[in-house]
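Visitor: I would like to see how this sequence folds:
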Amino acid sequence: MDRKAPRTRLSAYLRSVKEGKLVNFTSLEQELKKRAISSSDLHDCFTVEMVKPKKYRVHIQDEAIFDSLYSRFVNSSTETRTGAAFAGDSHRTQVSGSFLLLRNMKTPRPVAVWFEAGTFFCPVEQSRYALLVENLENYIATDQMVSFMAECGVVVESGQIDIIYASGNQITNKLHSPFLGQYQKVYCLFDVDLGALKIYKALSAMLPNAGLRFVYPENVAQRLEYSERKMSLSERAELLNYKGLSVYLDELILHMRETGNKLEQETYLEFSE
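Guide: Numbering: from 1, shown residues only. Coordinates of the predicted model:
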């Protein structure tokens, strides 16, 4: 039992690093050294920025080293929720099932798409396209968000698109891959910030053939200019790590770096009719 507890703690640290969350790097370093991970590998893999006492923003320098650590200590077959429960850490591990809320013009009330053990059950027929909405308030305003896509330069028949509540990083659960992969095009209507870019990058790796597109209004440069949400210098620098994913994203990153601002998608509701 005791041997599993440190592993679950380490996996939680590594997941937090991958998701861009603040961690206690000193503790993470100690856990890795217990597994005979060398100081040179740690130095090559990470750069660290202290945000506040015992809380660090950890940047991944060497993806190959990090992927190896993640595969070894997070994706290990022994790292199950049941095994972690014996160590008192089941909340730190990913559950074996998932669900997503889906609605469209034919089913205005959300239905639950259920995922378990590599399969999924969708109670309605999937549409041709999917729109992933990150914020619950925007998701509730389904009609407005579908109409708002025209302001993003996207024209899609309202009866041909499913609106799915992405609920932040939850959408990147690998159990969702077979379901999302069946759409001809997946549009991502997220906040305009670093966290959203991380989610988009994870989805791009998870769905290489899904025709993924990060959508934002055509006047996003003006919206960013008047936004009161400021980015830190480290956030502006980290944006460069997401260049090259798509031409649409490269243009957005340029506007974000020029203004130094970010944008919540809830502001889109103010401009929708």
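
Visitor: gap between the two ends of stretch 104-120?
Guide: Distance across stretch 104-120, first residue to last, is 19 Å (CA to CA, to the nearest Å).

Visitor: Give me the distance between that stretch and the centre of its chain.
Guide: Remark: stretch 104-120 is offset 20 Å from the chain centroid, using CA atoms, centre = their mean, to the nearest Å.

Visitor: Give me the residue at the spatial middle of the chain.
Guide: What sits nearest the mean C-alpha location of the chain, by CA atoms, centre = their mean, is Ile199, with 2.4 Å.

Visitor: And the pLDDT for Arg7?
Guide: Turning to Arg7, the model gives it a pLDDT of 47.

Visitor: typo on my end, Ser272
Guide: 42.

Visitor: Ok, Asp193 next?
Guide: pLDDT for Asp193: 91.

Visitor: residues contacting it?
Guide: 229, 231, 235, 262-264 (CB atoms under 8 Å, 6 or more residues apart in numbering). Heads up, the C-betas are built off the backbone N, CA and C, glycines and all.

Visitor: Out of these, flag the one nearest to Gly168.
Guide: Nearest to Gly168 among these is Glu264, at 12.8 Å by CB to CB.

Visitor: Excluding chain neighbours, give the residue nearest to Ser39 in space.
Guide: Nearest in space to Ser39, with sequence neighbours left out and distances taken as CB to CB, 6 or more residues apart in numbering, is Lys33 at 7.6 Å.

Visitor: do the same with Arg213
Guide: Tyr187 (5.4 Å).

Visitor: So which elements touch the helix or strand hosting that neighbour?
Guide: In this assignment (DSSP states H and E), Tyr187 forms part of strand 185-189. Applying 3 or more CB pairs under 8 Å, 6 or more residues apart in numbering; DSSP states H and E, we find strand 185-189 packed against strand 129-133, helix 194-206, strand 212-214.

Visitor: Show residues contacting it.
Guide: Strand 185-189 has contacts (CB under 8 Å, 6+ apart) with 128-134, 138, 145, 148-149, 152, 154, 156, 161, 166, 180, 196, 199-200, 203, 207, 210-216, 265, 268.

Visitor: can you give me the helices for the stretch 1-150 of the chain?
Guide: 4-18, 25-34, 39-45, 63-73, 81-86, 136-140, 142-148 (DSSP state H, counting those that start in this stretch).

Visitor: average pLDDT for the fourth one?
Guide: Model confidence over helix 63-73 averages 83 on the pLDDT scale.

Visitor: if I pick the nearest residue to Asp41 once chain neighbours are set aside, what's in contact with it?
Guide: The shortest distance from Asp41 to any non-neighbouring residue, by CB to CB, 6+ apart, is to Ile65 (5.8 Å). Ile65 makes contact with 41, 44-45, according to CB under 8 Å, 6+ apart.

Visitor: circling back: and the residue nearest to Arg213, bridged to which residues?
Guide: Under the criterion DSSP bridges, Tyr187 forms beta bridges with Leu131, Arg213.

Visitor: give me the number of residues near it?
Guide: Using other CB atoms under 10 Å, Tyr187 is surrounded by 21 other residues.

Visitor: re earlier: wait, which of the helices and strands packed on strand 185-189 is closest to Arg57?
Guide: Per CB to CB, nearest to Arg57 of the helices and strands packed on strand 185-189: helix 194-206, 10.5 Å.

Visitor: elements contacting that closest one?
Guide: If you count contacts as 3+ CB pairs under 8 Å, 6+ apart, helix 194-206 packs onto helix 177-180, strand 185-189, strand 212-214, helix 247-259.

Visitor: Buried residues in stretch 103-112, which are they?
Guide: Within stretch 103-112, the residues that count as buried by 16 or more other CB atoms under 10 Å are 103-105, 110-111.

Visitor: next one: stretch 64-77
Guide: Those would be 65-66, 69-70, 72-74, for stretch 64-77 by 16+ other CB under 10 Å.

Visitor: Export those as a markdown table, with columns for distance to Val51.
Guide: Formatted as a markdown table, these follow (distance: CB to CB, whole Å):
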| residue | distance to Val51 |
| --- | --- |
| Ile65 | 23 |
| Phe66 | 20 |
| Leu69 | 22 |
| Tyr70 | 22 |
| Arg72 | 27 |
| Phe73 | 24 |
| Val74 | 23 |
